[in-house]
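Chemist: Fold the following and give me the result.
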Amino acid sequence: MERPPTSVTLLDVRVTERDDGSALYFYRLHRSGRLEHDCSVEVSQPRVGSLSERLAAAQRDETPEERLTDHAQALYRALFPYPPGREPDLLARLRTSPEPVLVRTNETVVPWELLHDGTGFLPLTRDLERFPGGQLLGDQLPVPDAAVREMLDRAFDLAAGRRLVTSSHLLLSLVTADGLRPVLAGRVGADRLERIADRLRRTAERASGHGTGDPIMSDTVLRVMSGAERRAAERGRIDIGLEDVAEAFARIDGGTAARAVADCGVTPWRLLSAEEEPALDRLDDGVGTALRVAHLLARAQGHRVVASYDLLLGFALTGGPALRAALAAQGGRGEAALEALTSGLDPHPGELSERTLGAVRRATGEAGVLRALLSDEQSAAHALLSQLGVDVRALIRDLDRRDADRRRPDPDSRRGG
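Modeler: Reported below is the predicted structural model:
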C-alpha cells in the first residue's frame, strides 16, 4: 500500500443525531497531525440525506455539469448553513488547501468529494485505504489516556437516563478525578473545592432532559475535548491528559457548569488553569467595545466563540479609527472593503418596533434619540433604566440640554460665514 504524504490535511467530521431529526455536525481540520480549526453547527439531517441522494443520482445519471453543480451547492449550504461573509475560518482553510483534504467521518451518506461552495468543488476526497480501523496512516492524533477515559466514563454514568452528557456532568467528573483533585484543592482550597463539587452535583441532577439509550456529548463537551486534543498535539504528546481537559474547559463558556463554579466565588479559569487569567479590562475602551459587539454578533448567529471575522466586524461597526485609517490609506479598494464589511447589517424600517422607529424619526443625534426613547414611560428602555435605579426624568433633562447644545450653531462658524 502506498504510504501517505508526510503533510496531510484531514477533515474530521463527527455527526451526532438527535431525536427531532436534527444533527450536530462537529468539524475539525488537522494538518500534519495538528488541529488548526474547529467549529460545530446544527444541521437538518433529513435534508442532508435527501440532497446527498439527489447528488449521487445526478452523478450516476451523468447529469449536465450545471445541474450537478446546483445539487452540490445545495448540499454544501445544508452542511455549512452559515450566512455569506460569516463563515468560520475552517471553511476558508478548506478552500485554500494546497492538497486534497482527506475526510474521516462517521457520516457515510454524504458524497464529500462532490461539495461545491459556489466558486468551485472543494478539494475533498475519501481515501478509504488510508483509514484502517478509522485511523489515518502516519497521522497519529492524540487520544485520551487511561485517567481521561475513566473520567469520561464517570461523566457518562452521571448522565445515565439523560439525553446529553452536559458540561456539568463533565466538570463534576473532572474536579473529583483522583489525579486532578489535589492540584485543584491547592489552587482554591479543599473546602471550596468540595462546595464546587456539591454545587455541580445539584446542577448535574437538573441538566438535560430525560432520554432513552446512551446519552450523547453536548456541544460544549465536544468542544472541550477538541480543545484538549489540540493542546496535547501542540505540545507534541499523543495522549490527552486530565490537565489538557482542564485547560480546555477553562477557555470556553462552560454554561451552567461555569456559573455553578462562579457561584462559589471563583472563576473556572482560576480553578482549572495553571496559567494566569487574561485580564480583558486592560484593553483600550475601543477594543473592549468592539469585543462586546463581536460577542453579540457571534451569539446572534448561534456561535459559542467570537471568531476573527466577528471581531473584525466589531471594529468596523464601532468605527474603529485604526481600521478605518488603514483601509482609507488603500484608497478606493480599502473604502469598498469597509463598506462591504458592514453592508446588509442596517435594519429595514419594518424590523424596528414602533417606539424605536418613532425615536429615530424624531432625532438624528445620540442624545435626541435616547431622549425620544426614554420619554415614553411605557417603553422597555424606560423600564430597564428604572429597574437599574436610574432617575430617568433627570436623565431626560440632561439629554435635552446635550441635544440642544449639539443643535445650537457654533458662533465662530457663523462669524466666519
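
Chemist: Residue 245: neighbouring residues, count only.
Modeler: For residue 245, the count of nearby residues is 29 (other CB atoms under 10 Å). Glycine gets a C-beta too; all of them are placed from N, C-alpha and C.

Chemist: Residue 167 too?
Modeler: As a burial measure, residue 167 scores 30 neighbours (other CB under 10 Å).

Chemist: The closest residue to it other than its chain neighbours: which element?
Modeler: Using CB to CB, 6 or more residues apart in numbering and skipping the chain neighbours, the partner closest in space to residue 167 is residue 257 (3.8 Å). Take DSSP states H and E as the rule and residue 257 turns out to sit in helix 255-262.

Chemist: what does that helix rub up against?
Modeler: For helix 255-262, contacts defined as CB atoms under 8 Å, 6 or more residues apart in numbering pick out 166-168, 170-172, 196, 199-200, 202-203, 207, 220, 254, 267-268, 271.

Chemist: and stretch 89-97, which residues are buried?
Modeler: Buried residues in stretch 89-97, counted by 16 or more other CB atoms under 10 Å: 90, 91, 93, 94.

Chemist: want to throw the residues you listed into JSON lines with pLDDT?
Modeler: Below are these laid out as JSON lines (pLDDT from 0 to 100):
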{"residue": "90", "pLDDT": "85"}
{"residue": "91", "pLDDT": "85"}
{"residue": "93", "pLDDT": "81"}
{"residue": "94", "pLDDT": "79"}
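
Chemist: ok, so of those, who is nearest residue 161?
Modeler: residue 90 (34.6 Å; CB to CB).

Chemist: Starting from the helix or strand containing that closest one, tell me the next helix or strand along the chain.
Modeler: Assessed by DSSP H and E, residue 90 sits inside helix 89-95. Next in sequence after helix 89-95, counting helices and strands by DSSP H and E, comes strand 101-105.

Chemist: Only C-alpha atoms, please: export that next one in PDB.
Modeler: Coordinates of each C-alpha in strand 101-105 appear next as PDB, following Å, rounded to 0.1, in the frame of the first residue of the first chain:
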ATOM      1  CA  VAL A 101      -8.300  17.200   2.200                       C
ATOM      2  CA  LEU A 102      -9.000  13.600   3.400                       C
ATOM      3  CA  VAL A 103     -12.300  13.200   5.100                       C
ATOM      4  CA  ARG A 104     -12.700  11.000   8.200                       C
ATOM      5  CA  THR A 105     -16.300  10.700   9.400                       C
END
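
Chemist: ok, that strand: who's next to it in the sheet?
Modeler: Strand 101-105 pairs in its sheet with strand 9-17 (parallel), strand 124-125 (parallel), by DSSP bridges.

Chemist: ok, back up a step: out of the buried residues of stretch 89-97, which comes closest to residue 162?
Modeler: Nearest member of the buried residues of stretch 89-97 to residue 162, counting by CB to CB, is residue 90, at 29.9 Å.

Chemist: residues in contact with that closest one?
Modeler: Counting by CB under 8 Å, 6+ apart, residue 90 touches 27, 29, 36, 37, 38, 39.

Chemist: about what we covered before: just send the strands paired with strand 101-105 back as a markdown table, with distance to residue 298 too.
Modeler: As requested, the strands paired with strand 101-105 are exported to a markdown table (distance: least, CB to CB, whole Å):
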| stretch | distance to residue 298 |
| --- | --- |
| strand 9-17 | 22 |
| strand 124-125 | 27 |
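
Chemist: Tell me which of these sits nearest to residue 390.
Modeler: Here strand 9-17 is closest among those (CB to CB), at 45.7 Å.

Chemist: what separates the helix holding residue 257 from the chain centre, distance-wise?
Modeler: Remark: helix 255-262 is offset 18 Å from the chain centroid, using CA atoms, centre = their mean, to the nearest Å.

Chemist: what's the spacing between the following helix or strand past it and its chain's center?
Modeler: Proceeding N to C from helix 255-262, the next assigned helix or strand is helix 268-272, under DSSP H and E. Between the mean C-alpha location of helix 268-272 and the chain-wide mean there is a distance of 20 Å, by CA atoms, centre = their mean.

Chemist: Retrieve the pLDDT associated with the nearest residue to residue 363 once chain neighbours are set aside.
Modeler: Take residue 363 and drop its neighbours on the chain: the residue closest to it by CB to CB, 6+ apart is residue 369, 4.8 Å away. At residue 369, the model reports a pLDDT of 88.
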